[in-house]
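[1] build me a model:
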Amino acid sequence: MNAAAARAVAAHHLRTRLGNMPHAGDPELVGMIWRVPIHADFPVPTSTDILPFRNLGEILIDDGSGEVVNTPTSEEREGRMAEEIGRVLGETQNEILAFECERCGRCCGPLGATAMEMDIIDRHVQLNSIVVSEYCQTTLSNSFIARATDSVWCPYLQDGECLVYPVRPTICRLFGTVTTHMHCVAGGKVKEPITHEAAFHILRRVEVLSTLWVMMRDHRMEMDA
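    Okay, here's the model as predicted:
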């Protein structure tokens, strides 16, 4: 099989898995990760705690008017937004307890993450001159992207090591900690498992952050054009 054919097969595999993800009302819900087994009784939270986003809202909205503002201070506003997004993302990911990974790589299939997390990964790769395997990419929405090599593995897995471990996406951090639906087949251990509902709330928060991130990024690109 040549490279083009292999990429076509990988892309088809990605789309198939994306189509089989457990939908949760909103088709852009980041919790729709295809690596989460689909169960008929899979519970989905109906709301998300918005407390972590209060400061973000205060930055984005002008005096409670409910409208996004474009003012001469928009650059400063974007800087504050980026700082606050980073803070909330860090706090959210810190809710996930440490997991004793066996480094078998069996969970490192196609990588699905928010656009924000992919941007963070791309920057990490660029700053550290990391050589990544060629991959194909499928975009589910403005907030969700999937990447995989021709052999349908994570492009950042090399010789059993994660090349982007310090900035790995939230879904990778969750894997093995949600023992009811995302258990580690290699027997990796976690001190205190996370419930599937808590995992969905974490993923949902990250998706909201990514939506704001994409808005800010696209606005900056328009201003620079």
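[2] E197: which element?
    helix 196-224 (DSSP states H and E).
[3] which elements pack onto that helix?
    If contacts are counted by 3 or more CB pairs under 8 Å, 6 or more residues apart in numbering; DSSP states H and E, helix 196-224 sits against helix 54-60, helix 74-93, helix 115-127, helix 170-174. From N, CA and C alone the C-beta is placed, and that goes for glycine too.
[4] would you single out the least confident of these?
    When the helices and strands packed on helix 196-224 are compared by mean pLDDT, helix 54-60 comes last with a mean of 52.
[5] and of the helices and strands packed on helix 196-224, who's closest to T195?
    helix 170-174 (11.2 Å; CB to CB).
[6] got a list of contacts for that closest one?
    Residues outside helix 170-174 that contact it (CB atoms under 8 Å, 6 or more residues apart in numbering) are 30, 33, 35, 92-93, 96, 99, 107, 111-114, 117, 162, 182, 194, 199, 202-203, 206.
[7] convert it to CSV, retaining C-alpha atoms only.
    What follows is helix 170-174, C-alpha atoms only, in CSV (Å, rounded to 0.1, in the frame of the first residue of the first chain):
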residue,chain,number,x,y,z
THR,A,170,-6.9,16.4,28.6
ILE,A,171,-8.3,13.1,27.2
CYS,A,172,-4.9,11.6,27.4
ARG,A,173,-4.6,12.7,31.1
LEU,A,174,-8.0,11.1,31.8
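[8] neighbouring strands of the helix or strand just after that helix in the sheet, and parallel or not?
    Using DSSP H and E, the helix or strand that follows helix 170-174 in sequence is strand 189-190. As defined by DSSP bridges, the strand partners of strand 189-190 come to strand 99-100 (antiparallel).
[9] buried sites along the helix holding E197?
    196, 198-214, 216-217 (16 or more other CB atoms under 10 Å).
[10] now do that helix, average pLDDT.
    When pLDDT is averaged along helix 196-224, the result is 81.
[11] give me the angle between it and helix 74-93.
    160 degrees (axes from the mean of the first three to the mean of the last three CA atoms, to 10 degrees).
[12] tell me the angle helix 196-224 makes with helix 115-127.
    Using the same axes, to 10 degrees: helix 196-224 against helix 115-127 is 70 degrees.
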